[in-house]
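Chemist: Quick check, what structure comes out for this input:
(one chain, ligands or ions: 1)
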Amino acid sequence: MRYTLQTPVMKVVKQAPPRAPSALDVATKLASLAAPRPLVPALDQARRDATAVLDQVRGTKPLSYRDATAGPRTVPPLAEVDLVDALLPRRLAARVQQTRRDARMVLGALRGRRPSPTVPRKPGPRSEVPPPAADVLPLARTIQTRPLRVAEVVRETADAVSLYLEELDGTPLTFTPGQFMSLDVEVDGKVLRRAYSLASPALEGHAPHVTIKRVEGGRVSNHLNDHAKPGDVLQALGPSGAFTLEPDPTHERTVVLVAGGSGITPIASIASTLLEVEPASRVVLLYGNRRHEDVIFRERLDALKARFGDRFLLDHVLQEPPAGWTGATGLLDADTQLARLDALAVPDAPTLEYYVCGPTPMMEATRDALARRGVDPARVHEELFTRPEDRSSDLPPAGPQPLTVRLRGKERELTQGEGETLLEAGLAAGLPMPFSCAMGGCAACKVKLVEGEVDMEEPNCLTPKERAEGWVLACCSRAKKPVTVEVPS
Ligand code: FES
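Modeler: Predicted coordinates for the structure are as follows:
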């Protein structure tokens with residue numbers, strides 16, 4: 001999306017005053033916990049009726065404990081009542097139902113009516129999608145990419161190239177500064193998926209491009225640096241990612257950006273868009289590189305500096321500076337970062353936001369430096385760049401597993417096929433599972449693990465807090481045993 005000016009809408013909700021739970025409330029709550037599920041609404045109703053009668057006897061106004069936004073409760077017809085659910089306590093009922101489901105699955109498989117968790121499935125609806133290259137068959141059969149044309153290829157440095165991308169139908173490729181694209185690139189007959197940040201300003205009149213720096217041993221980055229040419233068509237997903245900044249022309253703020261090497265790509269988009277859209281805001285950029293000739297977008301950044309003057313503090317830090325270099329030198333470690341912010345006279349303030357992208361040691365150094373500055377981590381935004389070659393590809397092979405997906409209040413039982421991720425299994429079953437990058441980088445596919453165990457590829461973009469809360473990424477998780485997940489609404 002291009003930047004938009006959004007007016008927050010606040011809804012004021014008047015709430016009934018809280019009331020201390022009575023002995024009756026406590027007793028019925030305990031009873032409803034132990035009771036079979038179909039009896040719970042009746043118990044709840046009985047409690048409300050009794051409370052209303054007591055309140056009337058006492059002459060006080062009865063209070064409603066029911067969420068006013070919830071629809072009326074309905075008692076199901078007797079024919080639809082599941083006797084296991086109705087007569088057994090909930091914990092026992094869940095186990096009996098699971099056993100019943102397993103038995104149904106085995107019987108169905110024997111009769112050839114239902115896919116067995118232990119027999120590979122025949123292609124389902126996914127076979128209607130044109131088959132992509134063999135290497136990504138399971139992925140592409142469920143996750144639909146779209147073609148983007150490479151309109152132009154621009155060499156930025158000896159080791160970095162920019163690909164200008166356009167939609168085949170001519171519609172603008174719009175995005176929020178900081179987002180990335182997932183690109184499928186065929187290398188030696190294999191299709192490999194990689195994420196590259198959009199580095200251009202997210203503004204009308206600026207052609208969107210990604211910039212790819214060679215990585216030692218990186219199959220895709222070297223292939224694109226050596227062989228990409230105008231007219232190439234790449235399959236793509238996105239834009240994706242939450243490492244974003246929404247510019248707002250009415251804002252007046254200072255944003256500190258810290259980048260190392262190719263980490264400049266999302267940072268450059270954020271800097272140029274912000275400077276253009278917010279006339280009262282300032283941008284501070286600390287940018288670390290080994291040598292002067294490694295600096296990606298050197299001329300573009302100089303042009304921004306010349307144009308925006310004091311609103312753009314640009315600070316290059318070089319490890320191996322050329323002769324006559326007067327700027328900062330050394331590694332962009334924690335001490336250097338703190339020293340540079342002091343030298344630029346950028347004190348911390350409660351409104352200051354920090355955006356950080358670069359190699360892992362630099363990111364750790366920034367975390368350390370900002371902690372020493374007393375910066376609240378909530379004001380620090382990080383984009384983690386991981387080499388795909390470093391991702392955990394040695395996960396044990398995932399065999400078929402029963403998978404239950406809770407989505408929009410409904411429960412669907414399906415089977416995760418051989419080698420499929422939770423996302424692929426859900427999409428193959430026709431469920432509208434959310435996703436965007438399909439490679440662990442955006443968290444759009446986050447689901448709550450309710451029961452069971454999964455193997456999840458690492459590293460990915462989940463925060464420690466999200467992990468502790470039981471979230472997993474459906475696009476890079478495979479069930480190890482029967483699993484139940486809940487898709488957030
Ligand atoms: S779809 Fe982006 S992390 Fe799963």
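
Chemist: Over in the stretch 251-400 of the chain, which residue gets nearest the ligand? Let me know.
Modeler: Closest contact between the stretch 251-400 of the chain and the ligand, by C-beta to the nearest ligand atom, is at L384 (11.9 Å). Yep, even glycine has a C-beta here, placed from its N, CA and C like the rest.

Chemist: M362 is in contact with that residue, correct?
Modeler: No - if you go by C-beta atoms under 8 Å, L384 and M362 don't touch, sitting 11.3 Å apart.

Chemist: Show me which of the two is the more surrounded one.
Modeler: M362 (23 against 15; other C-beta atoms under 10 Å).

Chemist: After the helix or strand containing the more buried one, which helix or strand is next?
Modeler: Using DSSP states H and E, M362 maps to helix 360-372. As assigned by DSSP H and E, the chain's next helix or strand after helix 360-372 is strand 380-384.

Chemist: counting contacts, what elements does whichever helix or strand comes after that following strand pack onto?
Modeler: Next in sequence after strand 380-384, counting helices and strands by DSSP H and E, comes strand 401-407. Counting contacts by 3 or more C-beta pairs under 8 Å, 6 or more residues apart in numbering; DSSP states H and E, strand 401-407 packs against helix 90-111, strand 410-416, helix 422-428, strand 446-451, strand 477-479, strand 483-486.

Chemist: could I have strand 401-407 exported to CSV, CA atoms only?
Modeler: Output of strand 401-407 as CSV, limited to C-alpha atoms (Å, rounded to 0.1, in the frame of the first residue of the first chain):
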residue,chain,number,x,y,z
GLN,A,401,-0.8,-36.6,10.8
PRO,A,402,-4.4,-35.8,11.8
LEU,A,403,-4.9,-32.1,12.0
THR,A,404,-7.8,-30.2,13.6
VAL,A,405,-8.2,-26.6,12.6
ARG,A,406,-10.4,-24.2,14.5
LEU,A,407,-11.4,-21.3,12.3
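
Chemist: confidence score at whatever residue of the stretch 1-150 of the chain ends up closest to the ligand?
Modeler: Residue nearest to the ligand within the stretch 1-150 of the chain (C-beta to the nearest ligand atom): I143, separated by 8.7 Å. The pLDDT attached to I143 in the predicted structure is 78.

Chemist: near the ligand, which residues of the stretch 101-250 of the chain?
Modeler: S240 (C-beta under 6 Å from any ligand atom).

Chemist: Low-confidence ranges, the stretch 101-250 of the chain, go.
Modeler: For the stretch 101-250 of the chain, residues meeting the criterion pLDDT under 70 lie at 101-142.

Chemist: isn't there a helix covering the residue of the stretch 1-150 of the chain closest to the ligand?
Modeler: No - applying DSSP: H, G, I helix; E, B strand; the rest coil, one finds I143 to be coil, outside a helix.

Chemist: buried set for the longest strand that the chain contains?
Modeler: Counting by DSSP state E, the longest strand found in the chain is strand 146-157. Within strand 146-157, the residues that count as buried by 16 or more other C-beta atoms under 10 Å are 148, 150, 153, 156-157.

Chemist: nearest residue to S489 other than its sequence neighbours?
Modeler: R408 (5.9 Å; C-beta to C-beta, 6 or more residues apart in numbering).

Chemist: Kindly apply the preceding question to T145 instead.
Modeler: Q235 (3.8 Å).

Chemist: Quick one: list the elements packing against the helix or strand encompassing the one you found.
Modeler: Using DSSP H and E, Q235 falls within strand 233-240. If you count contacts as 3+ C-beta pairs under 8 Å, 6+ apart, strand 233-240 packs onto strand 146-157, strand 180-187, strand 190-197.

Chemist: repeat that for 6 Å
Modeler: Strand 233-240 sits against strand 146-157, strand 180-187, with contacts defined as 3 or more C-beta pairs under 6 Å, 6 or more residues apart in numbering; DSSP states H and E.

Chemist: Any chance you could list what contacts the longest one?
Modeler: Counting by C-beta atoms under 6 Å, 6 or more residues apart in numbering, strand 146-157 makes contact with 161-166, 168, 228, 230, 232-236, 296, all of which sit outside it.

Chemist: and what of the shortest one?
Modeler: Outside of strand 180-187, the residues within contact range by C-beta under 6 Å, 6+ apart are 145, 191-197, 210, 219-220, 223, 234-239, 241, 437, 439.

Chemist: 8 Å instead?
Modeler: If you take C-beta atoms under 8 Å, 6 or more residues apart in numbering as the criterion, strand 180-187 is touched by 132-133, 136, 140, 145, 148, 165, 191-198, 210, 219-220, 223-224, 234-241, 266, 437-439, 441-442.

Chemist: Counting neighbours, which of these end up buried?
Modeler: Buried, going by 16+ other C-beta under 10 Å: 132, 136, 140, 145, 148, 165, 191-198, 210, 219-220, 223-224, 234-241, 266, 437-439, 441-442, out of the contacts of strand 180-187.

Chemist: beta partners for the closest residue to V450 other than its chain neighbours?
Modeler: The shortest distance from V450 to any residue other than its chain neighbours is 4.2 Å, reached at T484 (C-beta to C-beta, 6+ apart). Beta-bridge partners of T484, counted by DSSP bridges, are T404, E451.

Chemist: residue in the stretch 51-200 of the chain nearest to the ligand?
Modeler: Closest point on the stretch 51-200 of the chain to the ligand, by C-beta to the nearest ligand atom, is S182, at 8.0 Å.

Chemist: where's that residue relative to A349, distance?
Modeler: 36 Å (C-beta to C-beta, to the nearest Å).

Chemist: Count the residues that sit near V485.
Modeler: Neighbours of V485 (other C-beta under 10 Å): 26.

Chemist: Next, the contact list for it, please.
Modeler: Here V485 is in contact with 403-406, 422, 447-450, 472, 474 (C-beta under 8 Å, 6+ apart).

Chemist: Tell me how far it lies from the ligand.
Modeler: Look at V485 and the ligand: by C-beta to the nearest ligand atom, to the nearest Å, they are 13 Å apart.

Chemist: Not counting sequence-adjacent ones, nearest residue to that residue?
Modeler: That would be V447: by C-beta to C-beta, 6+ apart, it lies 4.3 Å from V485.
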